[in-house]
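*Asks:* what shape does this take:
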Amino acid sequence: MLTPLDALGKPSYLRLSGRERYGGRTDRTISYVEFMFMRPSRSDPEITINHDNVKEEAMGQNKSDNNWNGPLRYDANDPFGEDHPVHILDDIRVKPGCRDKVQALLYSDYIPLATERGVELAGLWLFPPFEQTDVPADIVCMWEASSLKRWWGIRGNADIEGRLNAFWQKLEPYILSRSQRLGRPPEMITDVDADRTDIATSKLPISGARRIAIVKPAHELTESDRADWIAAAAAFGQQPGVQTSEGGFHTALSFLPGQMTWDVVATSGAEVSEDRLLAQLPGPAQISQYVTLGAPLDLGIRRPVGPVAMKRTVLLRVRDHDGDEAHGALEKSLGELARRIEGIRAWSVSKVIARRGEVAWTHCFEQEFSEEGWLPAPYFNNPYHWAVTDRFFAPEAPELIVEEFLHTMRPATASYLSKIGEFEAVDRG
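*Replies:* Residues are numbered from 1 along each chain as shown. Model (predicted):
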């Protein structure tokens, strides 16, 4: 017997902790909600939006002349509509004769789990509206998360994500395929894309071999000590066979606090071993992650690059059995995301061709931001990020291929990525 929707109760807000390997460490825990919505160096007042007024205005606009007059505009301090709903559309192709079974499992197992996450069922449709024993059927569900902030708040909880995965695995014997898409109604579309006329991309091979090391000092360092370590990393750029060398200690929103990300470009064929790097530092340390990057798949800058306040490095481990098409879709999505965010002044998407550490990283996504305040909220709340790119990371999404990720942010004073390519082609897309 199916459970009536009104018997499932009201959703409760859940504050969820971050991922276990790097987000939920014993030395310092950053919750997923904190990571997404902390605004460093910002003092903007909280903006309260009356949802009823928004809906009435949108409905009134459509009723007046039955013509679309463009999306509503949010307050300038909330261009992404953090406090407005996000809709999730699940389209499930069901095996012949299995529609009633799948529908029963949705009501008995999934709807209570969705309610626990603060997501409510807005509608469920059957195509066709009757059971057939010899033809596949479709079940389409529309869900609503009460706000974009709430949507991010339900991410990152290992218990809930584990139960979500278990549900879809339970459903696998009865379905042929499924898709899940995120969106908003027309009146809630926000125009936040960056201008692309100033973008230049590098189509030429870069000279030298790029390496990234994450260094963990043996002891806690003072600010003066850290300055000496950063200077030592920069001085490594004067060593034989080294073209560029820059390092910096991780900022508050990074994984692996107290450690340093060190970027090195070496002359092709030059040996840059871990021992050589460690010998350059003024104190004892170990290298926890060490990767060599292949030629960038997408390397771009905005002209003029201007001052850069922060460099972000994201290491990804992508499932190898998904194939080149799925990998290519992820790689294209990462570059497209960078193009859509004005605060990213330079970026690079690369494959990892060699690594040393506990994780077999496959990709590296690097970004340089004009201001620290572009992370996390303006970056994560960009609609391309949550509706497209995050689908490769979300545990419930059919597109999921990223199994692990590690991100670090270090202060910067100038663009490192703009030094490694020849930027000739202008992207007018």
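*Asks:* just the strands in the stretch 151-300 of the chain please.
*Replies:* 175-183, 199-202, 209-217, 242-249, 260-266, 285-293, 298-302 (DSSP state E, counting those that start in this stretch).
*Asks:* so for Pro378, which of those strands sits nearest?
*Replies:* Ranking those by their distance to Pro378 (criterion: CB to CB) puts strand 298-302 first, at 15.4 Å. Every residue, glycine included, has its C-beta placed from N, CA and C.
*Asks:* still on that earlier bit, and the strands of the stretch 151-300 of the chain: which comes nearest Ile344?
*Replies:* Nearest to Ile344 among those is strand 298-302; the distance by CB to CB comes to 7.6 Å.
*Asks:* could you point out which element follows that closest one?
*Replies:* Tracing the chain past strand 298-302, the next element assigned as helix or strand by DSSP states H and E is strand 310-318.
*Asks:* now do the buried residues in the helix or strand that that next one is followed by.
*Replies:* Using DSSP H and E, the next helix or strand after strand 310-318 towards the C-terminus is helix 323-339. Buried residues in helix 323-339, defined by neighbour count with 16 or more other CB atoms under 10 Å: 326-327, 329-331, 333-335, 337-339.
*Asks:* would you mark the buried spots in the top strand by length along the chain?
*Replies:* Under DSSP state E, the strand in the chain containing the largest number of residues is strand 344-356. Within strand 344-356, the residues that qualify as buried by neighbour count (16+ other CB under 10 Å) are 344-352, 355.
*Asks:* with stretch 296-316 instead?
*Replies:* Counting neighbours by 16+ other CB under 10 Å, the buried set in stretch 296-316 is 296-302, 305, 308-316.
*Asks:* that older thread, tell me which of the buried residues of helix 323-339 is nearest to Pro383?
*Replies:* Distance to Pro383, by CB to CB, is smallest for Leu337 among those, at 10.6 Å.
*Asks:* surely the closest one touches Tyr384?
*Replies:* Yes. With contacts counted by CB atoms under 8 Å, Leu337 reaches Tyr384, the gap being 5.7 Å.
*Asks:* quick revisit: among the buried residues of strand 344-356, which two are most distant?
*Replies:* The largest separation in the buried residues of strand 344-356, counting by CB to CB, is between Arg345 and Arg355 at 27.2 Å.
*Asks:* compute the inter-axis angle for the longest strand of the chain and helix 323-339.
*Replies:* For the pair strand 344-356 and helix 323-339, the angle between their directions (axes from the mean of the first three to the mean of the last three CA atoms, to 10 degrees) equals 140 degrees.
*Asks:* CA atoms only for strand 344-356, dumped as PDB, please.
*Replies:* Only the C-alpha atoms of strand 344-356 are listed here, as PDB (Å, rounded to 0.1, in the frame of the first residue of the first chain):
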ATOM      1  CA  ILE A 344      38.600  33.100 -12.200                       C
ATOM      2  CA  ARG A 345      41.300  34.900 -14.100                       C
ATOM      3  CA  ALA A 346      43.200  31.800 -15.200                       C
ATOM      4  CA  TRP A 347      42.600  28.100 -15.200                       C
ATOM      5  CA  SER A 348      44.000  24.700 -16.300                       C
ATOM      6  CA  VAL A 349      42.500  21.300 -16.700                       C
ATOM      7  CA  SER A 350      45.100  18.500 -16.900                       C
ATOM      8  CA  LYS A 351      45.400  14.800 -16.600                       C
ATOM      9  CA  VAL A 352      47.800  13.400 -14.000                       C
ATOM     10  CA  ILE A 353      50.400  11.200 -15.700                       C
ATOM     11  CA  ALA A 354      52.400  10.200 -12.600                       C
ATOM     12  CA  ARG A 355      51.600  10.300  -8.900                       C
ATOM     13  CA  ARG A 356      52.900   9.300  -5.500                       C
END
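*Asks:* following that strand, which helix or strand comes up?
*Replies:* Past strand 344-356, heading to the C-terminal end, the next element that is a helix or strand (DSSP H and E) is strand 363-369.
*Asks:* just to revisit the earlier point, output the buried residues of helix 323-339 in CSV; the columns should cover distance to Ala114 and pLDDT.
*Replies:* Supplementary listing: the buried residues of helix 323-339 in CSV, determined by distance: CB to CB, whole Å; pLDDT from 0 to 100:
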residue, distance to Ala114, pLDDT
Ala326, 26, 94
His327, 30, 95
Ala329, 27, 97
Leu330, 26, 97
Glu331, 31, 97
Ser333, 26, 97
Leu334, 29, 98
Gly335, 33, 96
Leu337, 27, 95
Ala338, 32, 95
Arg339, 33, 93
